[in-house]
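Participant: Any chance you can model this:
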Amino acid sequence: MSVVLAGGGTAGHIEPALALADALRRADPRIPITCLGTERGLETRLVPLRGYDLALIPAVPLPRSVNATLLSVPGRLAAAVGAATAALDRAGAEVVVGFGGYVATPAYLAARRRGIPIVVHEANSRPGLANRIGVLLTRHVFTGQPGTRLAHATYIGIPIRREIAGLDRLALGDKARAHFGLRPDLPVLLATGGSQGARSLNRAVVAAAPWIRSAGVQVLHIIGPRSDIDVPPPGGETPYVTLPYLDRMDLAYAAADFALCRAGAMTCAELTAVGLPAAYVPLPHGNGEQRMNAAPIEQVGGGIIVDDAQLSPDWIADTLLPVLLDPELVAAMSRAAAGAGRRDADRWLAAEVIDVMRGRRRPQ
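Facilitator: Numbers count the residues shown, from 1 in each chain. Model prediction:
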């Protein structure tokens, strides 16, 4: 049984695909797994690091809606579908699992050309165009959010890495803080804008640093690999630790009491799985899916949503710090966040994919 995963471009597409790959490998180490990607996506680094084969096809960005921009797509899409078809043939694919993004549409169309079953997973509350095309070609559709509207969809959650899904934050807390040079006796705010950082978030946290530190709150700040912001000095009684990038987010989650972050589907899934409450700052552009991702968490009390335009040093000092300094409130928000999370979506989706492959092999 051979599986081809189509989830390239951003970490939000790649990480669920790799979490599924890991779950498939645990279920049956004999299953060959190939990931489709493009030359300019994060998959060129992340996929080989996790030990999976990567097949590259041309990137074909699609508009978020059906409009005149689609007129420029067909020629490039045809070349990408041809490359994806060749990749499926080389892999001997018996199922294609797509997670949206640049490579998903060519993969879906190539699978349809070869008569290969398709499984679609949509992480966001508002589906992108690639997966809306994909669901026209299959009845095997799964979502990461309970309210996502897609035909034939079953809510399953978002596959996340086992080191995060199985994380015991309390048991690992002191060790994680020591790893980053943080004190064990003061609360920790984790600030992160995702794999590429977030300029507005970085600016607000750095400008609020004097107030945060004077309140006795430590900061673990992942600023992004290309950030040029002037960060506070790390020393002093209240540490302020900055990192350009971090592969071990499980340690960051274990070290933190609260997070300030964007509201990508993967971020929301990981934080709720480990029970880490957060202030979510949805991207101020796009189709609004980040606010929709965080809304169910806020509704149950596991987080706060703040508009990007409202995020400021004053908001951090006047609104966020009082929450951070209330241990009982933070504990209650942690329980609420954990109640909104799912830890086993990787296993459930792997079982569904294996069932699809087995069904294809049954006598007709």
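Participant: Return the helix or strand in this structure with minimum mean pLDDT.
Facilitator: The helix or strand of the chain with the poorest confidence is helix 43-49; it has a mean of 89 (mean pLDDT, DSSP states H and E).
Participant: Determine the set of other helices and strands touching it.
Facilitator: With contacts defined as 3 or more Cβ pairs under 8 Å, 6 or more residues apart in numbering; DSSP states H and E, the packing partners of helix 43-49 are helix 11-27, strand 33-37, strand 53-56. The way it works is simple: take the backbone N, C-alpha and C, and place the C-beta from them, glycine included.
Participant: nearest to Asn202, of those?
Facilitator: helix 11-27 (17.8 Å; Cβ to Cβ).
Participant: now the angle between strand 33-37 and the closest one, please.
Facilitator: Using axes from the mean of the first three to the mean of the last three Cα atoms, to 10 degrees, the direction of helix 11-27 lies 170 degrees away from that of strand 33-37.
Participant: chain center to helix 11-27, what's the gap?
Facilitator: Its chain's C-alpha centre and that of helix 11-27 lie 11 Å apart, by Cα atoms, centre = their mean, to the nearest Å.
Participant: Any buried residues in the least confident helix or strand of the chain, and which?
Facilitator: Neighbour-count burial for helix 43-49, with 16 or more other Cβ atoms under 10 Å as criterion, is recorded at 43, 46-47.
Participant: Can you give the domain ranges for the protein?
Facilitator: Listed domain ranges for the chain are 3-160+343-361, 168-339 (source: automatic domain parsing).
Participant: which of those domains has the lowest average pLDDT?
Facilitator: Mean pLDDT per stretch puts domain 3-160+343-361 lowest among those, at a mean of 90.
Participant: what's the offset of that one from the middle of its chain?
Facilitator: Per Cα atoms, centre = their mean, the centroid offset for domain 3-160+343-361 relative to its chain is 15 Å.
Participant: which element follows the helix or strand in which Pro106 is found toward the C-terminus?
Facilitator: When secondary structure is defined using DSSP states H and E, the element that contains Pro106 is helix 104-114. For helix 104-114, the succeeding helix or strand toward the C-terminus, using DSSP H and E, is strand 118-122.
Participant: Now do the following helix or strand past that next one: which elements does it pack against?
Facilitator: Downstream of strand 118-122, the first helix or strand assigned by DSSP H and E is helix 129-134. If contacts are counted by 3+ Cβ pairs under 8 Å, 6+ apart, helix 129-134 sits against strand 95-98, helix 104-114, strand 118-122.
Participant: Let's see that with 6 Å instead.
Facilitator: Under the contact criterion of 3 or more Cβ pairs under 6 Å, 6 or more residues apart in numbering; DSSP states H and E, helix 129-134 touches helix 104-114, strand 118-122.
Participant: Many thanks, we can stop here.
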